[in-house]
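> Predicted model, plus sequence, below.
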Amino acid sequence: NKHDLIELYCGNGNFTLPLSVLFRRVFATELDRYSVRAAQDCLMQARIHNVEIAALSAAEATQALCGDREFKRLEQQGIDIEAFDFGTLLVDPPRAGLDEQSLSLAQQFDEVLYVSCNPAKLLIDLEQMPEHKVVAAAMFDQFPWTQHAEVAVRLVRR
(Lines give C-alpha, C1' and ligand atoms only; values in the text may rest on other atoms or scores of the structure.)
Protein backbone atom coordinates (compact mmCIF):
# COMPACT_ATOMS: atom_id res chain seq x y z
CA ASN A 1 0.00 0.00 0.00
CA LYS A 2 1.46 3.38 -0.95
CA HIS A 3 -0.36 5.07 1.93
CA ASP A 4 0.10 4.93 5.67
CA LEU A 5 -2.05 3.33 8.36
CA ILE A 6 -3.25 5.01 11.53
CA GLU A 7 -4.40 2.67 14.27
CA LEU A 8 -6.40 3.69 17.33
CA TYR A 9 -6.59 1.37 20.34
CA CYS A 10 -3.56 -0.69 19.24
CA GLY A 11 -3.15 -2.51 22.56
CA ASN A 12 0.11 -4.46 22.50
CA GLY A 13 0.29 -4.49 18.71
CA ASN A 14 -1.59 -7.66 17.77
CA PHE A 15 -2.78 -6.07 14.51
CA THR A 16 0.00 -3.48 14.23
CA LEU A 17 2.82 -5.94 13.66
CA PRO A 18 1.28 -8.14 10.95
CA LEU A 19 -0.28 -5.18 9.12
CA SER A 20 2.96 -3.20 9.10
CA VAL A 21 4.17 -5.11 6.04
CA LEU A 22 1.14 -3.94 4.05
CA PHE A 23 1.72 -0.22 4.57
CA ARG A 24 4.51 2.24 3.94
CA ARG A 25 4.34 3.47 7.56
CA VAL A 26 2.09 2.91 10.58
CA PHE A 27 1.20 5.29 13.39
CA ALA A 28 -0.43 3.39 16.25
CA THR A 29 -1.86 4.77 19.48
CA GLU A 30 -2.85 3.25 22.78
CA LEU A 31 -3.74 4.88 26.09
CA ASP A 32 -2.23 2.18 28.32
CA ARG A 33 1.51 2.84 28.68
CA TYR A 34 2.26 -0.81 29.59
CA SER A 35 0.66 -1.97 26.35
CA VAL A 36 2.63 0.67 24.44
CA ARG A 37 5.88 -0.64 25.95
CA ALA A 38 4.91 -4.22 25.14
CA ALA A 39 4.12 -3.26 21.54
CA GLN A 40 7.44 -1.41 21.22
CA ASP A 41 9.29 -4.46 22.57
CA CYS A 42 7.50 -6.69 20.05
CA LEU A 43 8.40 -4.32 17.21
CA MET A 44 12.04 -4.34 18.26
CA GLN A 45 12.18 -8.14 18.54
CA ALA A 46 10.47 -8.51 15.13
CA ARG A 47 12.84 -5.93 13.62
CA ILE A 48 9.95 -3.83 12.32
CA HIS A 49 11.04 -0.24 11.67
CA ASN A 50 8.10 1.40 9.87
CA VAL A 51 5.86 1.71 12.96
CA GLU A 52 5.60 4.58 15.44
CA ILE A 53 3.59 3.97 18.62
CA ALA A 54 2.48 6.71 20.99
CA ALA A 55 0.73 6.67 24.36
CA LEU A 56 -2.34 8.65 23.33
CA SER A 57 -6.04 8.07 23.82
CA ALA A 58 -8.16 7.83 20.68
CA ALA A 59 -9.52 11.32 21.41
CA GLU A 60 -5.99 12.72 21.80
CA ALA A 61 -4.85 11.04 18.58
CA THR A 62 -7.82 12.58 16.79
CA GLN A 63 -6.94 16.02 18.18
CA ALA A 64 -3.33 15.62 17.05
CA LEU A 65 -4.35 14.42 13.61
CA CYS A 66 -6.79 17.28 13.08
CA GLY A 67 -4.24 19.82 14.32
CA ASP A 68 -6.47 20.85 17.22
CA ARG A 69 -3.76 20.26 19.79
CA GLU A 70 -0.02 19.59 19.92
CA PHE A 71 1.37 16.89 22.17
CA LYS A 72 4.84 17.08 23.69
CA ARG A 73 4.83 13.28 23.87
CA LEU A 74 4.87 13.12 20.08
CA GLU A 75 7.58 15.74 19.81
CA GLN A 76 9.70 13.98 22.45
CA GLN A 77 9.42 10.72 20.49
CA GLY A 78 10.26 12.46 17.23
CA ILE A 79 6.86 11.66 15.71
CA ASP A 80 5.75 14.14 13.06
CA ILE A 81 2.06 13.55 12.27
CA GLU A 82 2.37 15.79 9.20
CA ALA A 83 4.96 13.42 7.66
CA PHE A 84 2.41 10.61 7.34
CA ASP A 85 0.13 10.09 4.34
CA PHE A 86 -2.76 8.28 5.98
CA GLY A 87 -5.07 6.32 3.71
CA THR A 88 -6.47 3.71 6.09
CA LEU A 89 -7.77 3.87 9.66
CA LEU A 90 -7.83 0.78 11.89
CA VAL A 91 -9.89 0.89 15.06
CA ASP A 92 -10.30 -1.78 17.72
CA PRO A 93 -12.27 0.08 20.39
CA PRO A 94 -13.47 -1.19 23.77
CA ARG A 95 -16.99 -2.63 24.15
CA ALA A 96 -18.46 0.89 24.26
CA GLY A 97 -17.46 1.38 20.62
CA LEU A 98 -16.09 4.53 19.06
CA ASP A 99 -16.28 7.80 20.95
CA GLU A 100 -17.75 10.78 19.11
CA GLN A 101 -14.37 12.19 18.03
CA SER A 102 -13.10 8.84 16.75
CA LEU A 103 -16.32 8.26 14.83
CA SER A 104 -15.99 11.69 13.26
CA LEU A 105 -12.41 10.86 12.29
CA ALA A 106 -13.45 7.51 10.79
CA GLN A 107 -16.01 9.25 8.61
CA GLN A 108 -13.16 11.18 6.94
CA PHE A 109 -11.26 8.10 5.75
CA ASP A 110 -11.77 6.31 2.44
CA GLU A 111 -10.91 2.96 4.06
CA VAL A 112 -11.67 1.90 7.62
CA LEU A 113 -10.87 -1.42 9.27
CA TYR A 114 -13.10 -1.84 12.33
CA VAL A 115 -12.58 -4.68 14.80
CA SER A 116 -15.27 -4.96 17.45
CA CYS A 117 -15.85 -7.12 20.51
CA ASN A 118 -19.43 -5.80 20.65
CA PRO A 119 -21.33 -6.49 17.41
CA ALA A 120 -24.40 -4.56 18.63
CA LYS A 121 -22.32 -1.39 19.15
CA LEU A 122 -20.53 -1.99 15.85
CA LEU A 123 -23.90 -1.90 14.09
CA ILE A 124 -24.79 1.39 15.81
CA ASP A 125 -21.44 2.90 14.77
CA LEU A 126 -21.85 1.67 11.19
CA GLU A 127 -25.26 3.35 11.00
CA GLN A 128 -23.42 6.62 11.73
CA MET A 129 -21.21 6.06 8.69
CA PRO A 130 -23.66 6.02 5.73
CA GLU A 131 -20.95 7.29 3.40
CA HIS A 132 -19.16 3.92 3.81
CA LYS A 133 -20.14 0.42 2.81
CA VAL A 134 -19.00 -2.91 4.20
CA VAL A 135 -16.98 -4.78 1.58
CA ALA A 136 -15.72 -7.60 3.80
CA ALA A 137 -16.65 -8.99 7.19
CA ALA A 138 -15.58 -11.85 9.44
CA MET A 139 -16.73 -13.14 12.81
CA PHE A 140 -14.42 -14.85 15.26
CA ASP A 141 -15.76 -16.92 18.13
CA GLN A 142 -12.94 -16.29 20.55
CA PHE A 143 -15.17 -16.71 23.58
CA PRO A 144 -16.80 -20.17 23.28
CA TRP A 145 -19.98 -20.83 25.22
CA THR A 146 -20.67 -17.11 25.68
CA GLN A 147 -22.73 -14.61 23.68
CA HIS A 148 -19.56 -12.63 22.90
CA ALA A 149 -18.01 -12.52 19.43
CA GLU A 150 -15.24 -10.58 17.73
CA VAL A 151 -16.28 -9.04 14.40
CA ALA A 152 -14.04 -7.36 11.84
CA VAL A 153 -15.30 -5.30 8.91
CA ARG A 154 -13.60 -3.50 6.07
CA LEU A 155 -15.36 -0.31 5.02
CA VAL A 156 -14.76 1.76 1.92
CA ARG A 157 -16.24 5.08 0.96
CA ARG A 158 -19.23 4.75 -1.40
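Now that the structure is in, tell me what you want to look at.

> So which residues of the protein form helices?
Secondary structure of the chain by DSSP state H: the helices cover 16-19, 33-45, 58-66, 72-77, 100-107, 119-127.

> Check which helices and strands the second one is in contact with.
Read that as helix 33-45. helix 16-19, strand 51-54 (3 or more C-beta pairs under 8 Å, 6 or more residues apart in numbering; DSSP states H and E). Any C-beta I mention is one placed from the backbone N, CA and C, and that applies to glycine too.

> Neighbouring strands - and their directions - for the last one?
Paired with strand 51-54 in the same sheet, following DSSP bridges, are strand 26-29 (parallel).

> Show the average pLDDT along the partner strand.
Across strand 26-29, the average pLDDT comes to 97.

> Please work out which of the helices of the chain is packed deepest.
helix 58-66 (a mean of 20; mean count of other C-beta atoms under 10 Å).

> got the angle for that one vs helix 100-107?
For helix 58-66 against helix 100-107, the angle by axes from the mean of the first three to the mean of the last three C-alpha atoms, to 10 degrees is 50 degrees.

> how distant is helix 58-66 from the center of its chain?
12 Å (C-alpha atoms, centre = their mean, to the nearest Å).

> One more: stretch 45-52?
17 Å.

> Now do the end-to-end distance for it.
Start to finish, the residues bounding stretch 45-52 are 15 Å apart (C-alpha to C-alpha, to the nearest Å).

> give me the low-pLDDT residue ranges for the protein?
Scanning the chain for pLDDT under 70 picks out nothing.

> residue contacts, the closest residue to residue 93 other than its chain neighbours?
In space, and not counting its chain neighbours, residue 93 is closest to residue 9: 5.3 Å by C-beta to C-beta, 6 or more residues apart in numbering. Taking C-beta atoms under 8 Å, 6 or more residues apart in numbering, we find residue 9 in contact with 29, 30, 58, 91, 92, 93, 94.

> Would you mind measuring from the second one to residue 61?
Summarising the geometry, the distance separating residue 30 from residue 61, computed by C-beta to C-beta, to the nearest Å, is 9 Å.

> hmm, back to that, next, format the helices and strands packed on helix 33-45 as JSON lines and append distance to residue 141.
Rendered in JSON lines, the data for those read as follows (distance: least, C-beta to C-beta, whole Å):
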{"stretch": "helix 16-19", "distance to residue 141": "20"}
{"stretch": "strand 51-54", "distance to residue 141": "29"}
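
> Residue 150: which of the ones you listed is closest?
helix 16-19 (15.6 Å; C-beta to C-beta).
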